[in-house]
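J.: just need the structure, nothing else, for what follows:
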Amino acid sequence: MPQPRNVPSAVRQHFDALGPPRPMRRGSLSERFMKCSKRRCACAEDPDARHGPYYSLTRGIEGRTQSRLFSAEQAKMVALQVESGHEFRELVEAYWQACEQWADAQLEDSEAASQEAAKKGASKGRSKRRLSARSKRS
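T.: Residues are numbered from 1 along each chain as shown. You can find the predicted model right below:
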């Protein structure tokens, strides 16, 4: 795919800000304390006796919520990866906005050029003759 000419500096800056590939994740990380299924366990009655902490990454995939558990050590790394993912999304959104502004500017330039051509007396292309909706057999 050929590179477009005259890329606005704002678009190029946002593209460059995306940076090199890096490990990142979507979703949210949470710390959970859970009850077990044992009848006589203290966690069933006392919220302070619940088991944990368990670290869970939750995200939506194809319309369904999926969770994945991590150890406390892994959770520290996952938290950094989730934060990196949030930052990346913000950068992508800024890039999209810059590209849309560029696209709007192209439309405005095109519209201004066609108005200028109309002022100079340029004629519009002829429209093709349309066939009537009625059948010729009747």
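J.: so S67 belongs to a strand, correct?
T.: Yes - assessed by DSSP: H, G, I helix; E, B strand; the rest coil, S67 belongs to a strand.
J.: state the mean pLDDT of the longest helix anywhere in the chain.
T.: In the chain, taking DSSP state H as the definition, the longest helix is helix 72-119. On average, the pLDDT along helix 72-119 is 90.
J.: most centrally placed residue in this protein?
T.: Closest residue to the average C-alpha location of the chain: R89 at 6.2 Å, with Cα atoms, centre = their mean.
J.: what distance do you get for that residue to G27?
T.: R89 sits 12 Å away from G27 when distances are taken as Cβ to Cβ, to the nearest Å. Using the backbone N, CA and C atoms, a C-beta is placed for each residue, glycine as well.
J.: tell me the pLDDT of E45.
T.: The model's pLDDT for E45 equals 86.
J.: list phi and psi for it.
T.: phi -110, psi -40 (degrees, to the nearest 10).
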